[in-house]
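**Student:** kindly return the folded structure for what I paste below:
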Amino acid sequence: MSWESLDQRLDPDSQARVVWGLVCQLDLDAWLKEIKAIERHAGRNATDPRLLVALWVFATLRGVGSARELERLCENHLAYQWLCGGVSVNYHTLADFRSRCGDKWDELLTQIVATLMHEGLVTMDRVAQDGMRVRADSGKSDPYARKPHDTEHTAAWRKRMGEETSRTIYKLRAQTAEWVTALCRDRGLQQMPVRGRTRCRIVATLYAITHNLIQQGNVRAAMAKGMN
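**Tutor:** The predicted structure follows:
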């Protein structure tokens, strides 16, 4: 029999603590304002949105995309138990929270990026996008030359990408976009755990939120260490 609390048992450097600390700094009013109390009417307790956001961020960080698996971890895994703090969370609540809050997830991602920019931790001077390359027999044609079905904007983009400055910037994609994609794959984004375009988009947004939130914590810690 153990008489230690969950907090005593959890490693002081656990990522769960980091995630909880970062989530508690977020503005979750979009979720909180929907929790209403009616005078003289009894109702069930609402699950704190901070807990649900923290659970999904931590699960995404650990490569868990299934609501049922997350429910199981909340019952059996110390880090998830610590986040729950004795609150039981079922997979219906977890799944509904993730899939029915598309606009709120978008707003949260915007909030995190805006905070990063406001604190001077990132800039938007250059935005990179990564995709998956599929090998094809494209012949020896000039990839920067205008194609028959190109619009004016596409043709201008091809011409711009053929310039030396653009080629130099493109070489930086490994350290700007590709490593983020690799991290997402390492965190389990090999196949979407949900069906439907809207839900898949939410999962992708959740991966972006998780990445930016963790990077925010890392950069803040590095800057604080540099000042000491």
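
**Student:** quick one: low-confidence parts of the chain?
**Tutor:** 1-2, 36-45, 128-140, 174-176, 179, 228 (pLDDT under 70).

**Student:** pull out the buried positions in the one helix or strand Leu213 maps to.
**Tutor:** For Leu213, the host element (DSSP states H and E) is helix 197-227. Buried residues in helix 197-227, counted by 16 or more other CB atoms under 10 Å: 199, 202-203, 205-217. Where C-beta positions appear, they are placed from N, C-alpha and C, glycine not excepted.

**Student:** again with stretch 142-150
**Tutor:** Under 16+ other CB under 10 Å, stretch 142-150 has no buried positions.

**Student:** can you show me the CA trace of it as PDB?
**Tutor:** Written as PDB, here are the backbone C-alpha positions of stretch 142-150 (Å, rounded to 0.1, in the frame of the first residue of the first chain):
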ATOM      1  CA  ASP A 142      12.200  23.300 -66.900                       C
ATOM      2  CA  PRO A 143      10.300  23.100 -63.600                       C
ATOM      3  CA  TYR A 144      10.200  26.900 -63.400                       C
ATOM      4  CA  ALA A 145       8.800  27.500 -66.900                       C
ATOM      5  CA  ARG A 146       5.200  28.400 -67.300                       C
ATOM      6  CA  LYS A 147       2.900  25.400 -67.900                       C
ATOM      7  CA  PRO A 148      -0.100  25.400 -70.300                       C
ATOM      8  CA  HIS A 149      -2.800  25.400 -67.600                       C
ATOM      9  CA  ASP A 150      -1.000  27.800 -65.100                       C
END
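
**Student:** hmm, who's touching that stretch?
**Tutor:** Contacts of stretch 142-150 with the rest of the structure, by CB atoms under 8 Å, 6 or more residues apart in numbering, involve 154-155, 158-159, 161-162.

**Student:** and what of stretch 106-126?
**Tutor:** Contact with stretch 106-126 is made by 26-28, 30, 53, 169, 176, 205, 208-209, 212-213, 215-216, 219-220, 223, as judged by CB under 8 Å, 6+ apart.
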